[in-house]
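Student: Quick one: sequence plus predicted model below, questions after.
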Amino acid sequence: LEKYGGCILSYNGGKIIDCRTGQTLVQHAFPADLIEPVCTFSRYWNVVPLTYDKNGIVTEVPDAPYVLEEARINKIPVRKVENLPAEVTYPINKLLLTGDPADMPHVEELMQQEFAGKLSICRSAPFFIETMPLGVGKDTSLEILLRAKGLTPANLMACGDGWNDLPMIRLAGMGVAMGNAQPPVKAAAKYLTADNDHDGVGLAVEKFILNEET
C-alpha cells in the first residue's frame, strides 16, 4: 500500500490513514468522559474492556480468553493495568468489550439502551462488542473516502463477515460476504465468496476487479 497507494480504515472507520503519505485523513476520538462509565458497565456485566496504545492491547484482565483472542488475531502483545480509565490519558478510537458469546447479545442490548445517543455500538464477533464515537461506522467512513476520491458507492466492493460489516455491505455496489460470515451478512450480500482461510477476499478481487469480462 505504501508503494501503490491505498488507505486503511481502522477502528471501524474511526481512523483513516493514507498509506502512501502516512497522513491521518480522519480521526474520531472516543469521548474521554465515557471511558469510565463504559468500563464500569463492563465490570458489572462481567465483560472485559480493552483498548490500545502504540505497543498493543491495554486491559485490566490480560488472561481473559477473548482478550487473548484479540491479541492472537492481530498479533500484538497485551499489557496489564490496574485501572483502565486511569491509564487512558491519551486519545483512543474505541473500547472493545470481550466476553462469553452466550451473554453478549443481552449485554449489547443493555449497552445500546445505556449509551443511546452517546456512542456507536455493535458486535463484530460473537465475543466482541465494539464501542465507538457516535456516528462512526464502516459505511460512514467509506462514504467520506469515496467522496474524497470522486467516487460513489456504485464503485465500491466491500467484503465482510461480522455484524459490524453489515452497514458497508449494504452501502457497497458489490457487497461480498465471506464464507464464514454471520447469517445476516450473507443475507445482505450480493455475492458469497470463500472463507477467511481460503483466500475469500482475493477470489472476490479477481472476479469483480481484475476480471475485465466481469
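Tutor: That came in fine, so what should we check first? Numbering: from 1, shown residues only.
Student: When you work out contacts or count neighbours from here on, use the C-alpha atoms and nothing else.
Tutor: OK.
Student: helix/strand/coil for the nearest residue to residue 190 once chain neighbours are set aside?
Tutor: Counting by C-alpha to C-alpha, 6 or more residues apart in numbering, residue 175 is the residue found nearest to residue 190 once chain neighbours are left out, at 5.4 Å. Here residue 175 takes the strand state, with states given by DSSP: H, G, I helix; E, B strand; the rest coil.
Student: end to end, how far does stretch 124-141 reach?
Tutor: Using C-alpha to C-alpha, to the nearest Å, the end-to-end distance of stretch 124-141 comes out at 17 Å.
Student: Show me what that stretch is in contact with.
Tutor: 9, 11-14, 16, 28-31, 66, 93-102, 104, 108, 117-123, 162-165, 167-168, 171 (C-alpha atoms under 8 Å, 6 or more residues apart in numbering).
Student: re the thing from before, need the contact list for the residue nearest to residue 190.
Tutor: Contacts of residue 175 (C-alpha under 8 Å, 6+ apart): 157, 158, 159, 168, 169, 188, 189, 190, 191.
Student: what's the pLDDT at it?
Tutor: In the predicted model, residue 175 carries a pLDDT score of 97.
Student: same deal with residue 42?
Tutor: 96.
Student: From the contact counts, what lies against whichever strand or helix holds it?
Tutor: If you go by DSSP states H and E, residue 42 is part of helix 35-44. In this structure, helix 35-44 packs against strand 48-52, helix 84-87, with contacts taken as 3 or more C-alpha pairs under 8 Å, 6 or more residues apart in numbering; DSSP states H and E.
Student: Look up the pLDDT of residue 214 for me, please.
Tutor: In this prediction, residue 214 has a pLDDT value of 58.
Student: Residue 196: which of the helices and strands packed on helix 35-44 is closest?
Tutor: Nearest to residue 196 among the helices and strands packed on helix 35-44 is strand 48-52 (24.3 Å), distances taken as C-alpha to C-alpha.
Student: quick one: strands adjacent to that closest one?
Tutor: strand 57-59 (antiparallel), strand 95-98 (antiparallel) (DSSP bridges).
Student: if we can go back for a sec, please pick the buried ones from the contacts of residue 175.
Tutor: 157, 158, 159, 168, 169, 189 (16 or more other C-alpha atoms under 10 Å).
Student: In strands, which of the residues you listed fall?
Tutor: 157, 158, 159 (DSSP state E).
Student: gap between residue 36 and residue 172?
Tutor: Remark: distance between residue 36 and residue 172 (C-alpha to C-alpha) = 36 Å.
Student: again, but for residue 123
Tutor: For residue 123, the distance to residue 172 - C-alpha to C-alpha - is 20 Å.
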